[in-house]
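**Student:** kindly generate the corresponding structure for this input.
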Amino acid sequence: MFYYVLKYVLLGPLLRLLFRPRTEGLEHVPETGAAIVAGNHLSFSDHFLMPAVLKRRITFLAKQEYFTGPGLKGRLTAAFFRSAGQIPVDRSGKAAGQAAIREGLGVLDGGELLGIYPEGTRSHDGRLYKGKVGVAVMALKAGVPVVPCAMVGTFEIQPPGKVVPRIRRVTIRFGEPLDFSRYAGMENDRTVVRAVTDEIMYRILELSGQEYVDDYAADVKAAAQERPAGLLAGRRRPGPGAAQAGPGATAAGAGSTAAGAGASAVEPGAAAAGPEPSRGQDG
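**Tutor:** Here you go, the predicted structure:
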């Protein structure tokens, strides 16, 4: 109930007034039934701007830290995020990835919209990073379409570390739903879930126009903290429209990458179907 109060009375109208979000492709979001909306993650504001333009309620998997803060402020923050449709997910250890998948499948089993950031954390530099395969596992297990989404301009209004966002117009683009029913029952095949994830990331890339980095954002962040600036930039890929622009070494469409196991090489230890999304969704 409070979700709709936030959306239509308290927060939603204010966000629409201040940021005047321009929406493209909103018709691609199913009006009924379970579906996954998979987007890039550039800003803390993403959690609120996307729901503000959707006609349906959407539930996100969010990092557990938002729900475990101490004192009155922590309790108020937890209550707010629950009211805003967020589900806490522990991002530490292998079991956390399985827990995130269980929580996500619970939302989809209820016929609802599930919001996922496949990168697993906010981009610290505005680029698009390699996706974790949890989104593919959930899509195949639940048998639901995936709607790619691109937040454009939210990094500029509120990059990581900025508390108060700048007032500037943003754009939210939704792409055509991706149907992966041809891979039904193959959610335990590492090659398939990697290829499905790469296709999702490629579609996000096409919508956002970001520079792509074929490394996990969390790994690049961690390495950047350990090395002097400029020594680590990640493995770059060409932008949308260039040959092989898509994530990983797989071609853009899953039909060309994948169905056959062995059609695309899997990075050692990178794409196990369960544990990979262990970092959950950052905020």
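
**Student:** switch to C-alpha atoms for all contacts and neighbour counts from now on
**Tutor:** Noted.

**Student:** which pLDDT value goes with Arg190?
**Tutor:** Arg190 carries a pLDDT value of 96.

**Student:** quick check: the gap between it and Val133.
**Tutor:** Using CA to CA, to the nearest Å, Arg190 is found at 9 Å from Val133.

**Student:** cool, and Leu72?
**Tutor:** Counting by CA to CA, the gap from Leu72 to Val133 is 36 Å.

**Student:** who has more neighbours, the two?
**Tutor:** Val133 (29 against 9; other CA atoms under 10 Å).

**Student:** Arg194 is in contact with the more buried one, correct?
**Tutor:** Yes - contact criterion CA atoms under 8 Å: Val133 and Arg194 qualify, at 6.0 Å.

**Student:** for the residue nearest the centre of the chain, give me its contacts.
**Tutor:** Residue closest to the average C-alpha location in the chain (CA atoms, centre = their mean): Tyr117, at 1.2 Å. By CA atoms under 8 Å, 6 or more residues apart in numbering, the contact list for Tyr117 reads Ala38, Gly39, Asn40, His41, Gln281.

**Student:** contacts for the helix or strand hosting the first one next, please.
**Tutor:** Secondary-structure assignment from DSSP states H and E places Ala38 in strand 35-39. The contact list for strand 35-39, computed with CA under 8 Å, 6+ apart, reads 108, 111-118, 135, 139, 144-151, 200, 204.

**Student:** next SSE after it?
**Tutor:** Past strand 35-39, the next helix or strand by DSSP H and E is helix 46-53.

**Student:** please, a ChimeraX command that selects the buried ones among the contacts of strand 35-39?
**Tutor:** Buried residues among the contacts of strand 35-39 (16 or more other CA atoms under 10 Å), as a ChimeraX selection:
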select :108,112,113,114,115,116,117,118,135,139,144,145,146,147,148,149,150,151,200,204
